[in-house]
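K.L.:
need a structure here:
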Amino acid sequence: MADYQDKNVVIIGLGLTGLSCVDFFLARGVTPRVMDTRVTPPGLDKLPQEVERHVGGLNDEWLLAADLIVASPGIALAHPSLSAAASAGVEIVRDIELFCREAQAPIVGNAGWHGDSPGPAG
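P.N.:
Next up, the predicted model:
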């Protein structure tokens, strides 16, 4: 399991996934910062008071100062703000990568078949 203590963590995107990531870090004694490009994203009212938030766009200052950015699937990794952070050496992951890092049992995945069939074996 990774050690996030003393890390400056920024979560991009609220909603269920973002709130889940906030809970994940708070449970490990790390208070992340949260941002969302929407002015009133879902889940904003559920954020604990101690969590700093920035809405209506991305905060480049926070991103460049981060040790770890957890980016929602809704934000492209090619976004100029994320590209700048990556170029500055900031680690950027998706929530599923956090899960994979922390899982203590084997992981089985399915890339999906768009509902056509259960897979090649049919």
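
K.L.:
Just the element for the spatially most central residue of the chain, please.
P.N.:
Residue closest to the average C-alpha location in the chain (C-alpha atoms, centre = their mean): Val70, at 2.7 Å. Element membership for Val70 (DSSP states H and E) is strand 68-71.

K.L.:
Equivalent analysis for Met35, please.
P.N.:
Using DSSP H and E, the element containing Met35 is strand 33-36.

K.L.:
Mind giving me the packing neighbours of that strand?
P.N.:
Counting contacts by 3 or more C-beta pairs under 8 Å, 6 or more residues apart in numbering; DSSP states H and E, strand 33-36 packs against strand 9-12, helix 15-27, strand 53-55. For the C-beta atoms, the positions are set from N, CA and C on the backbone; glycine is no exception.

K.L.:
CA atoms only for the next helix or strand after the shortest one, dumped as CSV, please.
P.N.:
Beyond strand 53-55 on the C-terminal side, the first helix or strand identified by DSSP H and E is helix 60-65. Taking only C-alpha atoms (Å, rounded to 0.1, in the frame of the first residue of the first chain), the coordinates of helix 60-65 have been written out as CSV:
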residue,chain,number,x,y,z
ASP,A,60,-3.2,25.7,-11.9
GLU,A,61,-1.4,26.8,-8.7
TRP,A,62,-2.8,23.9,-6.8
LEU,A,63,-2.0,21.4,-9.6
LEU,A,64,1.6,22.5,-9.9
ALA,A,65,2.1,22.3,-6.1
